[in-house]
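A.B. asks: sharing a sequence plus its predicted fold:
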Amino acid sequence: MTNSAKHDIRFGNWDALSADAKLIRFEVFVDEQKVPAEIELDDMDAVCLHAVAYDAAGLPMGTGRLLPDGHIGRMAVRKAARGSGVGGELLQALMAQAKARGDRQVVLSAQTQAAPFYQGHGFVVDGAEFFEVGIAHIQMQLTFNWSSK
């Protein structure tokens, strides 16, 4: 590949990407982390921009979504692809989409154990730790640097 990305990242609505995004999210959140299946999918999926990263063989390896209000959520990478850079590629791609549409900042609720990953991409902690479905989370945000025009 000529670019630095190792994965093919595709963007689309829920209708276009739900099969692959669901596969990854259920594998990571429901099977591994024991999030109840009935709360993994929500009404926001229908209004989000979704991203799915595929490896060279065309297999879906990671996913995330960008909500209309600038929240990035449901970031998940399959166990086999962890450490491959796919999570960072997905995060940077979703951030670029937010910036391109004019968002001033992006916000996310990170699992506390993943906070250093997000800090490595410029996010800062914004609030106290809280628990969601029994998993420690921390609110984080990144404000884009807009050059004057």
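C.D. replies: Thanks, I have it.

A.B. asks: alpha carbons only for contacts and neighbour counts from here, please
C.D. replies: Fine.

A.B. asks: may I see the buried residues of the helix ranked longest in the chain?
C.D. replies: Assignment by DSSP state H gives helix 86-100 as the longest helix of the chain. Judged by neighbour count using 16 or more other Cα atoms under 10 Å, the buried positions of helix 86-100 are V86, G87, G88, E89, L90, L91, A93, L94, M95, Q97, A98, K99.

A.B. asks: pull the helix or strand with minimum mean pLDDT from the chain.
C.D. replies: In the chain, no helix or strand scores lower on mean pLDDT, DSSP states H and E than helix 37-40, which sits at a mean of 91.

A.B. asks: check which helices and strands that helix sits against.
C.D. replies: The contact analysis (3 or more Cα pairs under 8 Å, 6 or more residues apart in numbering; DSSP states H and E) places helix 37-40 against no helix or strand.

A.B. asks: please identify the buried residues of the longest strand along the chain?
C.D. replies: Determined from DSSP state E, the single longest strand within the chain is strand 135-143. Of the residues in strand 135-143, H137, I138, Q139, M140, Q141, L142 count as buried by neighbour count, 16+ other Cα under 10 Å.

A.B. asks: residues in contact with the second one?
C.D. replies: With contact taken as Cα atoms under 8 Å, 6 or more residues apart in numbering, I138 is in contact with S109, A110, Q111, T112, A115, V125, D126, G127, A128, E129, F130.

A.B. asks: whichever of those residues end up buried, select them in PyMOL.
C.D. replies: Remark: buried members of those, expressed as a PyMOL selection using 16+ other Cα under 10 Å:
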select buried, resi 109+110+111+112+115+125
